[in-house]
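Q: Sharing a model that was predicted from the sequence below.
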Amino acid sequence: MSDARHLLVDVLGKLDAAAEADRPIPEPTDPVGHRSLCIGMSVYDDFDGAYFTMQSIRLHHPEVADRLSILIIDNHPEGLQSQALRDVVASTDNARYLPFAGFRGTAVRDLLFREADADFVCCVDSHVLFAPGALHALLSYFDEHPDTDDLIQGPLWSDDLKSRVGTHFLPEWGAGMYGRWGRDDRVDDPSGQPFEIGMQGLGVFACRRDAWPGFNPRFRGFGGEEGYIHEKFRRSGGRVLCLPAFGWLHRFARPTGVPYKPTFDDRIRNYHIGWSEIGWDTQPIGDHFFEEYATNAGFGEVFDRAVAQSTSPFGYFDAIFSLNLDSAVERRIAAEHRYGQLDIAWRVERVSAIETPGNHHRGCALSWRGMIDTARRRGYQNFLGLEDDAVFLDTTREVLAGAVAELDDLEWDVCFLGGVEQTAGPGARPGQRFIKPAGYVTCTHATAIHSRVFDRILADIPEDGPDFDRWLDDHVAIDQYLGSRCASGELNGVILTPRVASQPALTTFADGDLALRDRYVI
């Protein structure tokens, strides 16, 4: 792309970004019901690619149409193309549109497996075309192996459609990515049996929905999943197979440029997070990136920061949600600044709080219920909820690092990073320096919830309606509910010591955080 075109794309992108704040996000379409196979796409400003992929499936694979559904997750629903994408999906039988703006990246594809209503899921890039008979071959394999734990991939076709040019990735580095295309001659027999491979690119991959091991929820941006997800399948008892008849074609060329900006920090961080999760040596990551990019201005700082982010104590939590009213723009900006100071802005997912002017406790409780339900649906082990007025201690990272090491040895349900101890707990147990059992704690400005109590809390707190009204009459607020349950022992609550999170009002009185008022500087 020429410099002039780069400049034009950049200017148009900035103008569109400025308009996004006022552009409504399209509504999701209705679920389509259960099917054998769901074909899922995560789309970022690629209407043309998604359109032709979807229509090619419908036009060229009629023999399996009655067994398929299509799920499209729009990862830039504020964008100019989103309404058109939603409209075409809404007009398509057995297709569903879901907007998702929580975070950006290729790991959003994990949500396809969480949202799909099908026995099997085939994830495809939004610019892939399947070879004739490919989907029939895939379904035939699954029919013959209904309980398979394997990951199924297929050969990549050349643009001239004359040959299958890739069957697997070689475990080699190149251009900031792990994996180079290789070819196994067994693919020359399209009717041949599937054969085992080490890894492959993730333009197309399929598995039984319940066998999906999941991407690390800390991944952001582009890259890092190849090799990592294949190893997770093997460690779960499955294999990685190339099915010769499951061929596909990928549009690699982007004459006008890609709509998103892959960055070194995202890729380096993802590799470190993923490889650390599965126990691989991370040294080759640094070796490759410094060999390729050490002469780039400022690269060393970028690398060091990405590695530091990958090992942040906040990484203990599968998600960090920030609760913020749509109307509270200044509070959002201030909160984002504080997250930047903690170097967690890249991870924090803003959650639109439910506004109930007549009783803010109502909206707060419903918003917390929504965050818990979201974490449950996504399969998170835990999450940290932050309210947008939370302020932080000067030693937050150091204290939290010690606390999460101690949490590893506990079966905790609720962890308060801050709060008002209306009644004290029984005191720290032997060996505990940074956490102690919680008594009756109020305030939820920085509270973590573990998955072991997601269902229990969701059962206790009804959805909005008459039952919720009665719950609110009984409990008054979400913090009163959690505090009373922890004090009674129904929930195993712990609180950090010192409390690393406070609220401006809590730093003004002795029962709150007055003693450390001058240290809540973040």
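A: Noted; the coordinates are in hand. Residues are numbered from 1 along each chain as shown.
Q: from here on, contacts and neighbour counts on C-alpha atoms
A: Noted.
Q: Low-confidence regions, the stretch 351-500 of the chain specifically.
A: For the stretch 351-500 of the chain, residues meeting the criterion pLDDT under 70 lie at 428.
Q: where do the helices sit along it?
A: Across the stretch 351-500 of the chain, reading from the start of the chain, the helices by DSSP state H, counting those that start in this stretch fall at 360-378, 396-407, 454-460, 466-475, 478-488.
Q: So which of these is nearest Ala438?
A: Closest of those to Ala438 is helix 478-488, at 6.6 Å (criterion: CA to CA).
Q: Which of the residues in the closest one are classified as buried?
A: Ile478, Asp479, Gln480, Tyr481, Leu482, Gly483, Ser484, Arg485, Cys486, Ala487 (16 or more other CA atoms under 10 Å).
Q: need the contact list for the second one.
A: The neighbourhood of Asp479, defined by CA atoms under 8 Å, 6 or more residues apart in numbering, consists of Val441, Thr442, Cys443, Thr444.
Q: what's the answer for the last one, then?
A: By CA under 8 Å, 6+ apart, Ala487 lies in contact with Gly425, Ala438, Gly439, Tyr440, Val441, Gly493.
Q: Any chance of a markdown table for the helices of the stretch 351-500 of the chain, columns distance to Leu243?
A: Listed next are the helices of the stretch 351-500 of the chain as a markdown table, based on distance: least, CA to CA, whole Å:
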| stretch | distance to Leu243 |
| --- | --- |
| helix 360-378 | 29 |
| helix 396-407 | 43 |
| helix 454-460 | 39 |
| helix 466-475 | 51 |
| helix 478-488 | 51 |
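Q: Which of the ones you listed sits closest to His60?
A: Checking the helices of the stretch 351-500 of the chain against His60 by CA to CA gives helix 360-378 as the closest, at 32.9 Å.
Q: can you list the residues that contact the strand or helix carrying Asn270?
A: Taking DSSP states H and E as the criterion, the element that holds Asn270 is helix 264-278. Judged by CA under 8 Å, 6+ apart, the contacts made with helix 264-278 from elsewhere in the structure are 176, 216, 218-225, 228, 231-232, 281-282, 285, 302-303, 305-307, 309-311.
Q: Check which residues of the helix or strand where Ile333 lies are buried.
A: Ile333 belongs to helix 329-341 when assigned by DSSP H and E. Neighbour-count burial for helix 329-341 flags Arg331, Arg332, Ala335, Glu336, Arg338, Tyr339 (criterion: 16+ other CA under 10 Å).
Q: For that helix, name the packing helices and strands.
A: The criterion is 3 or more CA pairs under 8 Å, 6 or more residues apart in numbering; DSSP states H and E, and there are no helices or strands that helix 329-341 contacts.
Q: and for that helix, what are the contacting residues?
A: Here helix 329-341 has contacts from Asn324, Ala345, Val348, Asp388, Asp389, Ala390, Val391, Ile522, using CA under 8 Å, 6+ apart.
Q: quick one, domains of the protein?
A: Following the assignment in automatic domain parsing, the chain carries domains at 24-250, 264-310, 315-519.
Q: Pull the helix holding Ile333 out as CSV, backbone CA atoms only.
A: Extracted as CSV, the C-alpha positions of helix 329-341 are listed here (Å, rounded to 0.1, in the frame of the first residue of the first chain):
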residue,chain,number,x,y,z
VAL,A,329,-18.0,9.5,30.6
GLU,A,330,-15.7,11.5,32.9
ARG,A,331,-15.6,8.7,35.4
ARG,A,332,-14.8,6.2,32.6
ILE,A,333,-11.9,8.3,31.4
ALA,A,334,-10.6,8.7,35.0
ALA,A,335,-10.9,5.0,35.6
GLU,A,336,-9.1,4.1,32.4
HIS,A,337,-6.3,6.4,33.5
ARG,A,338,-5.9,4.5,36.7
TYR,A,339,-6.0,1.2,34.9
GLY,A,340,-3.2,2.5,32.7
GLN,A,341,-1.2,3.4,35.8
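Q: can you give me the offset of it from its chain's centre?
A: Its chain's average C-alpha position is 21 Å from that of helix 329-341, according to CA atoms, centre = their mean, to the nearest Å.
Q: What of stretch 99-112?
A: From the chain centre to the centre of stretch 99-112 is a distance of 6 Å (CA atoms, centre = their mean).
Q: For it, buried residues please.
A: Buried positions in stretch 99-112, judged by neighbour count with 16+ other CA under 10 Å: 99-101, 103-112.
Q: Of those residues, just say which sits nearest to Cys415.
A: Phe103 (24.3 Å).
Q: now the closest one: how far from Pro259?
A: According to CA to CA, to the nearest Å, Phe103 stands 15 Å off from Pro259.
Q: Determine the three-state secondary structure at His230.
A: Counting by DSSP: H, G, I helix; E, B strand; the rest coil, the backbone at His230 sits in helix.
Q: Go ahead and confirm it touches Gly237.
A: No. Taking contacts as CA atoms under 8 Å, His230 lies outside contact range of Gly237: 11.2 Å.
Q: thinking again about what came up before, let's test this: mean pLDDT of the helix holding Asn270, rounded?
A: Across helix 264-278, pLDDT averages out at 97.
Q: got the CA positions of that helix in PDB?
A: Once non-C-alpha atoms are left out, helix 264-278 reads as follows in PDB (Å, rounded to 0.1, in the frame of the first residue of the first chain):
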ATOM      1  CA  PHE A 264       4.200  -6.600  18.600                       C
ATOM      2  CA  ASP A 265       3.100  -6.100  22.200                       C
ATOM      3  CA  ASP A 266      -0.100  -8.100  21.800                       C
ATOM      4  CA  ARG A 267       1.700 -11.000  20.000                       C
ATOM      5  CA  ILE A 268       4.600 -11.200  22.400                       C
ATOM      6  CA  ARG A 269       2.300 -11.000  25.400                       C
ATOM      7  CA  ASN A 270       0.000 -13.700  24.000                       C
ATOM      8  CA  TYR A 271       2.800 -16.100  23.300                       C
ATOM      9  CA  HIS A 272       4.200 -15.600  26.800                       C
ATOM     10  CA  ILE A 273       0.800 -16.100  28.400                       C
ATOM     11  CA  GLY A 274      -0.100 -19.200  26.300                       C
ATOM     12  CA  TRP A 275       3.300 -20.900  26.500                       C
ATOM     13  CA  SER A 276       3.500 -20.300  30.200                       C
ATOM     14  CA  GLU A 277       0.100 -21.800  30.700                       C
ATOM     15  CA  ILE A 278       1.100 -25.100  29.000                       C
END
